[in-house]
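Participant: Everything below, folded, please.
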Amino acid sequence: MATENKKIRNDIILIAAVLALLAALGAGLMLFRPVGDTVSVTVDGKLYGTYSLGEDARIEIVTEQGYNILVIKDGRAHVESASCPDGICAEHRPVSRGGESIICLPNKVVISVKKTDNDGPDVIS
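Facilitator: Residues are numbered from 1 along each chain as shown. This is a model prediction of the structure:
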């Protein structure tokens, strides 16, 4: 009976250690993502525009489904207001790191932060 309790305790310790390692790895990946330098806006899968995060701007994105107001300020982008019924995109936190996105499904708008890597190695395919 005592050896069974030891096995269960060791299993719990192993699972906790693996979860802690995964959490630390995930946090490290999130913290060290590169800061983006452009925001691309697509509407219904088609490029609407590309904007620099280095310049403050207020962009009105008008679609057949409605509108979204994109604000770029201090190197971060957020949706100020939108005509969609749920407004989830307007409640999303500002994005500034490569790979982050704000998506408005009712208006079919995707706002994605990109990092242009001009000093990386060239790739031959």
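
Participant: ok, the residue nearest the centre of the chain - contacts?
Facilitator: When Cα atoms, centre = their mean is applied to the chain, the residue found nearest the centroid is residue 100 (1.9 Å). Residues counted as contacts of residue 100 (Cβ atoms under 8 Å, 6 or more residues apart in numbering) are 36, 112, 113. Every C-beta, even on glycine, is put in place using the N, C-alpha and C of the backbone.

Participant: Please name the nearest non-neighbouring residue to the first one.
Facilitator: Residue nearest to residue 36 in three dimensions, not counting chain neighbours: residue 113, with 3.6 Å by Cβ to Cβ, 6 or more residues apart in numbering.

Participant: can you list the residues that contact the host helix or strand of the one you found?
Facilitator: Assigned by DSSP states H and E, residue 113 belongs to strand 109-114. Counting by Cβ under 8 Å, 6+ apart, strand 109-114 makes contact with 36-43, 48, 50, 53, 61, 63, 68, 70, 77, 79, 89, 95-104, all of which sit outside it.
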